[in-house]
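Student: got a sequence here, can you build the structure:
(4 chains)
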There are 2 protein chains.
Amino acid sequence: MTTKDKILNCALQLYNEQGPNKITSRHIATELGMSPGNLHYHFKHTDDIIIQLFNQLADSFDELISELEQSKVDLNYLMNFTNKSFDLVYTYRFIFLSFVELGRRIPAIQQFYQEINERRLHEFKTIFKNFQKKKIFRQDIPSHVLDLLVNQIFIVGDFWPSNNDLTLKLEQVAAKKYYSKIFLNMFYPYFEPSIQVQYQSQLGFSE
Amino acid sequence: MTTKDKILNCALQLYNEQGPNKITSRHIATELGMSPGNLHYHFKHTDDIIIQLFNQLADSFDELISELEQSKVDLNYLMNFTNKSFDLVYTYRFIFLSFVELGRRIPAIQQFYQEINERRLHEFKTIFKNFQKKKIFRQDIPSHVLDLLVNQIFIVGDFWPSNNDLTLKLEQVAAKKYYSKIFLNMFYPYFEPSIQVQYQSQLGFSE
DNA sequence: TTAAAATTAGTACATTTGTTCTAAAATTAA
DNA sequence: TTAATTTTAGAACAAATGTACTAATTTTAA
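Tutor: Just a heads-up that it's a prediction; the model follows:
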């Protein structure tokens, strides 16, 4: 592993634990047993570390959305996508926990958020329309209601780590289980009755 | 207006505009044409300003929840509560935009969030059960689904300003209109058909 | 009016932080 | 091997920040 990667990994861990405001370049250097001079040889600006980490996240997210194939999207596909998204969000949770501040501090972050958000809003609006065609979603839902649903799910999808940090503070596995249930449940009342049954049996609501 | 209140008002404005990390006690003092020594005569620690502002928010929120009278809650009541909540959140938006960081920095904030969250989760679970009794909500929704809905609405209710800041950056009136629509729409698929009609006509979905 | 109390300005200090600079050490290439 | 390049440590600096201190000024109370 290159020194750059060591720095990035260490920074990700420290940022996730304590937030990007508490952690300085000196902290990261010390944690790695490295001089501050050396760290700044690899990353001229401290924010460059954050930018690089954000780019990792952005690339992964981008890939995830690119994989979406409208025609194949069904309930399983939706659950699968949710699963992968939640893992990604958890891995880079410090970004989501400080999204507003990082967006203000680093314009590229805000810009990319807007782009990827536009894109996934559009993708999911299409998916939901297909859901209606395929009778996964109820037929009697007006299309503007579906459009608003898309906004809801992304707010929950982006800010569940913040809610977790302020309340239960669940760690990885438990958090993912808890919040993906909350997330997927947003779709429940839109499902056709038969899908509702299928959904409930798959999620094991008896627990 | 006392000097303390002037400081609080000015701080609120600056925090809302630029976030609590960019704004220092010196900034606030300068904005008020006041010496830093004087500001620290009124607030020994800079964080005391934030704590005081948070207490203002907490008191208002507490009052709002206390006013809830389960028996009287109907669709209009719900819309009214949403309206007041959104105003409050907007007024103190810097807290919601930096909730996680402030919670970590100031334990009292995190603690109060947990308390008020527990309380409103409970209140709303009861409200939704009443909604079912009163046939405002559909009868065929399992109770655990309703419980999860409660979690969803509070995540959206707390983090819509963050979403707004990262995307459209709507100001007060427009933001409230846009996000309260998204918020109230979360209830839509749970409404009985007759209530759905009533809801749509009240919100004027033609716009 | 006068003494006490409250308020204010201005300065000063310690700490933290990002970053730069220099020189040494390690690595690579010829 | 030797020269060039890369990497590293460590010191140094400037700016920012929270906050304490002092002395002046203003306000209040007797």
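
Student: use CA for all of it now, contacts and neighbours both
Tutor: Fine.

Student: could you pull out the buried residues of the helix or strand of chain A at the bottom of the mean pLDDT ranking?
Tutor: Least confident helix or strand of chain A, by mean pLDDT, DSSP states H and E, is helix A:193-203 with a mean of 89. Within helix A:193-203, the residues that count as buried by 16 or more other C-alpha atoms under 10 Å in any protein chain shown are A:193, A:195-196, A:199.

Student: and chain B, is it touching that?
Tutor: No - figure legend: helix A:193-203 not in contact with chain B (C-alpha under 8 Å from any C-alpha of the partner chain); closest approach 9.9 Å.

Student: contacting residues around that helix?
Tutor: With C-alpha atoms under 8 Å, 6 or more residues apart in numbering or on different chains as the contact definition, helix A:193-203 has outside contacts at A:75, A:136, A:181, A:188-189.

Student: out of the buried residues of helix A:193-203, which two sit at the greatest distance?
Tutor: A:193 and A:199 (9.8 Å; C-alpha to C-alpha).

Student: tell me, how many residues neighbour residue A:41?
Tutor: Residues lying near residue A:41 (other C-alpha atoms under 10 Å in any protein chain shown) number 11.

Student: can you tell me the SS state at residue A:23?
Tutor: coil (DSSP: H, G, I helix; E, B strand; the rest coil).

Student: what's near enough to touch it?
Tutor: A:14-15 are the contacts of residue A:23 under C-alpha under 8 Å, 6+ apart.

Student: which parts of chain A sit against DNA strand D?
Tutor: When proximity is defined as C-alpha under 7 Å from any atom of the strand, chain A approaches DNA strand D at A:3, A:33-38, A:41.

Student: ok, of these, which come out buried?
Tutor: Of the residues of chain A next to DNA strand D, not one counts as buried by 16+ other C-alpha under 10 Å.

Student: of those residues, closest to residue B:148?
Tutor: Using C-alpha to C-alpha, residue A:3 comes nearest to residue B:148 of the residues of chain A next to DNA strand D, at 44.6 Å.

Student: just the pLDDT for that closest one.
Tutor: We have a pLDDT of 97 for residue A:3.

Student: how close does it get to chain B?
Tutor: Per C-alpha to the nearest C-alpha, to the nearest Å, residue A:3 is found 29 Å from chain B.

Student: against residue A:178, how distant is that residue?
Tutor: 36 Å (C-alpha to C-alpha, to the nearest Å).

Student: same check, this time on residue A:92
Tutor: Counting by C-alpha to C-alpha, the gap from residue A:92 to residue A:178 is 18 Å.

Student: and for residue A:48?
Tutor: From residue A:48 to residue A:178 the distance is 33 Å (C-alpha to C-alpha).

Student: name the element the residue lying closest to residue A:62 once chain neighbours are set aside belongs to?
Tutor: Take residue A:62 and drop its neighbours on the chain: the residue closest to it by C-alpha to C-alpha, 6 or more residues apart in numbering or on different chains is residue A:116, 7.3 Å away. Residue A:116 belongs to helix A:107-133 when assigned by DSSP states H and E.
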